[in-house]
Structure formats: structure tokens, C-alpha cells
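S.K.: what shape does this take:
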Amino acid sequence: MKTHVYIDGQNFLYKAADILIEAGKIHDKNELTKIDIRGVIENIFEGDLCITFYGAKVKVRKDKGDDIHRKTTRFSDVSRRIRNTLNSQKISYNESGKLKLRDSDTCKNCGSQDLRMQEKGVDVGIAVDMVVGSLRDGVDKLILISSDTDLLPAIKIARENGSKVIYVGFSNKTTKAIVAEADETEIIRDQEIIQAYDELNNR
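M.R.: Residues are numbered from 1 along each chain as shown. The predicted structure is shown next:
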């Protein structure tokens, strides 16, 4: 049986970081660059798993001032460290999106805005690969680790093509619409994330 795992990288890391911050393991989301992702997945699923982690292309920007230069430099460094972690676990990295600059929400107290960075296009990359995997590559089981409802059409098409779709969410943070559309739902528990972090950081 051919099984592919599709991970929305930023979605996974941000939710994992929230758990680790609450547990006192890290203080900032950018500190999370080493975690045993394959171990988390293999605790849930057996067999030969082809795992792909989807992320954005990070470009250091020098044209928007010192603050954005610092932020994009930090993002670039974090991305490089994450890729090293993925390589060591034989997880493929798919650079399917771009890091875009956008205005932040207006501060309720002072009315100011600053530039924020946001990944765009990652969901499109995942959706295309899910559809192609089910239609052309003969993937029997698709495991989706993402709570992005933009992926609902891809889940539907993959199932219509005969693939089984399993949605993996975090404890108390699953998306009801994806639960309803997928064949099955599995949960990553907080303690599993903590153990996966400790596995690579407490040596």
C-alpha cells in the first residue's frame, strides 16, 4: 500500500510551538527548529511512509528597511535549521509557497501598523500533490497534517479518485469541516509533541 504524508509546515510548527511554549520548553516560536516529526507520525501510522513537508521560499529582503532585513534574515536562518532537521529524518521539503510582506492589523491602542511576513501558496502546492497523488501516482492512503479548509476540494477529489484520506489534527484544535470530509481523523496529543521535542533537544 502506497502511503503519502502531506504536512503544512508552518501550520504544524506553530501549533507545536504553542504546546512547547505552554510547557515551558521554548519561549518563542522561532526557537522550534528541531523536533522528531517522523517519530510523531510513526507513533500513529505503521508502514513505509513517504513524508513531505511544505513550506515557503524565504528571501532575505534588504529593500524594506532594517527591521524587515532582520526579520527575513532570522526567518531564513530558522528555515535552514528546519531543513537540516527534515533531511536528517528523510523528510522531503517542498518549497511550494512564498513569504509575503503584508500590513499587520491596526493596533487598538495606538493605531499603528507594521509589516508582517506570511506564507502564501503552500496550500496550493499541497492540494495539487494530493490530487496528482490520488489520480496519477496510485497513492492508496493520503495523510494530511493541516487544518486549512482551502484543502477541502482536494480532499474530496482524492477520495473520489479512490484514495483514503486521513486528517491529522492537534488535541482540541481540529477543524470540523475537514473532520467531516476525511475518511478518518487522528489526533496528535500535546505529550507526543513534548516527547518529540525532548528526543532531539535533550541529548
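
S.K.: what's the helix or strand for G138?
M.R.: G138 is part of no helix or strand, with elements assigned from DSSP states H and E.

S.K.: tell me which residues touch the closest residue to it other than its chain neighbours, please.
M.R.: Leaving aside its chain neighbours, G138 sits nearest to K2 (5.9 Å; criterion: C-beta to C-beta, 6 or more residues apart in numbering). Using the backbone N, CA and C atoms, a C-beta is placed for each residue, glycine as well. K2 is in contact with C50, D137, G138, V139, D140, K141, counting by C-beta atoms under 8 Å, 6 or more residues apart in numbering.

S.K.: among these, who's most crowded?
M.R.: V139 (24 neighbours; other C-beta atoms under 10 Å).

S.K.: residue boundaries of the helices in this protein?
M.R.: Secondary structure of the chain (DSSP state H): helices at 9-22, 37-44, 66-88, 122-135, 152-160, 176-181, 190-201.

S.K.: I'd say R83 and Y93 touch.
M.R.: Yes - taking C-beta atoms under 8 Å as the definition, R83 is a contact partner of Y93 at 5.4 Å.

S.K.: gap between the two ends of stretch 20-30?
M.R.: 12 Å (C-alpha to C-alpha, to the nearest Å).

S.K.: and it, what's buried?
M.R.: L20, K25, I26 (16 or more other C-beta atoms under 10 Å).

S.K.: where in this protein is pLDDT low?
M.R.: 58-69, 71-72, 97-121, 203 (pLDDT under 70).

S.K.: could you rerun that using 80?
M.R.: 1, 57-76, 96-121, 172, 203 (pLDDT under 80).

S.K.: would you reformat the helices of the chain as a markdown table and include distance to F170?
M.R.: Below are the helices of the chain laid out as a markdown table (distance: least, C-beta to C-beta, whole Å):
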| stretch | distance to F170 |
| --- | --- |
| helix 9-22 | 5 |
| helix 37-44 | 11 |
| helix 66-88 | 18 |
| helix 122-135 | 17 |
| helix 152-160 | 18 |
| helix 176-181 | 12 |
| helix 190-201 | 8 |
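
S.K.: gap between the residue nearest to G138 and D137?
M.R.: Using C-beta to C-beta, to the nearest Å, K2 is found at 7 Å from D137.

S.K.: check S96 too.
M.R.: The value you get for S96 to D137, if C-beta to C-beta is used, is 17 Å.

S.K.: verify the stated contact: N94 with A56.
M.R.: No - with contact defined as C-beta under 8 Å, N94 does not count as touching A56 (10.3 Å).

S.K.: between the two, who's got more neighbours?
M.R.: A56 (22 against 16).

S.K.: give me the nearest residue to V78, chain neighbours excluded.
M.R.: N30 (5.3 Å).

S.K.: would you check that that neighbour makes contact with R74?
M.R.: Yes - assessed by C-beta under 8 Å, N30 is found in contact with R74 at 6.3 Å.

S.K.: who touches the residue nearest to A182 when sequence neighbours are not counted in this structure?
M.R.: Spatial nearest neighbour of A182, excluding adjacent residues (C-beta to C-beta, 6+ apart): Y167 at 3.9 Å. Neighbour list for Y167: L144, I155, T174, T175, I178, V179, E181, A182, E184, T185, E186 [criterion: C-beta under 8 Å, 6+ apart].
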